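predicted model follows, preceded by the sequence.
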Amino acid sequence: MIWPHPRTASSLRPHQARAGFHLPPPAAFILLLSICLGLPLTADAQSRPTATRAGDLQLGGGLVFARSNYNFNPMTLIGGTGYVCFDPKTHYGGEFNFHNLTSSQDSTVYERTYEVGPRVYLVHGATVPYAKFLYGRGVYNFSNNIANVAYNIYTVGGGADFRVLPSMNIRADYEYQTWPGFPLKTLHPSVITIGVAFHFHQ
């Protein structure tokens, strides 16, 4: 468990990390994204002409699995997400997402994030790989609710949306978060999302 000092959250004693799943390193995700980008371009019979396209909207949610750490000890977190993407122009758009993750080792520890930022994407038939940069706020709840502290955070990430129905996408997403100013050591959670979104043409 994580044992914060009774007066401040900036000094914590090390805790024993329990065995959990291991997320693939960022290099593995980048390789997967490169494969997606290399897929042959196919015709999209349902796409609208650029001149009449006002934008695409996605409203989605999903399961989230993360690997984080505190005081140099690894920690596994599991939770959920909600996200909204709006792409007013071909290849450019924006995303807002919310993550709520709870430690599998200590149920009183959670990481909650709210982020927004631009994204770029390509269309390869029914596959839409993308990259994004997000900025926002992260809330960390320490063990036994001893402290609840918010930090400015930023994220680089990417993934791919897969069109399974005209109005439904499946998402595979990776994020590498940075929490500057976190006690003892900057926090760098690695976050994987598997999501489903309703897709609207406008």
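All right, it came through fine. No experiment lies behind these values; they were computed from the predicted model shown.

rest of the way, CA atoms for contacts and neighbours
Fine.

what segments of this structure are helices?
26-37 (DSSP state H).

which residues are in contact with the most centrally placed residue in the chain?
Centroid-nearest residue in the chain, with CA atoms, centre = their mean: Glu175, separated by 4.5 Å. Neighbouring residues of Glu175 by CA atoms under 8 Å, 6 or more residues apart in numbering: 155-158, 190-192.

adding pLDDT and neighbour count, write those out as JSON lines.
Listed next are the contacts of Glu175 as JSON lines, based on pLDDT from 0 to 100; neighbours: other CA atoms under 10 Å:
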{"residue": "Thr155", "pLDDT": "98", "neighbour count": "22"}
{"residue": "Val156", "pLDDT": "98", "neighbour count": "16"}
{"residue": "Gly157", "pLDDT": "97", "neighbour count": "21"}
{"residue": "Gly158", "pLDDT": "97", "neighbour count": "21"}
{"residue": "Ser190", "pLDDT": "97", "neighbour count": "22"}
{"residue": "Val191", "pLDDT": "98", "neighbour count": "21"}
{"residue": "Ile192", "pLDDT": "98", "neighbour count": "22"}
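
one step back: quick check: beta-bridge partners of the residue nearest to the centre of the chain?
Gly157, Val191 (DSSP bridges).

can you tell me how far it sits from Phe65?
Distance of Glu175 to Phe65, given as CA to CA, to the nearest Å: 11 Å.

is Val128 in contact with Ala160, as I believe?
Yes: using CA atoms under 8 Å, Val128 is in contact with Ala160, at 5.3 Å.

which of the two has more neighbours?
More neighbours surround Ala160 than the other of Val128 and Ala160, with 23 against 19 (other CA atoms under 10 Å).

for the closest residue in space to that one that isn't next to it in sequence, grab the count of nearby residues.
The shortest distance from Ala160 to any non-neighbouring residue, by CA to CA, 6 or more residues apart in numbering, is to Pro129 (4.0 Å). If you count neighbours by other CA under 10 Å, Pro129 ends up with 23.
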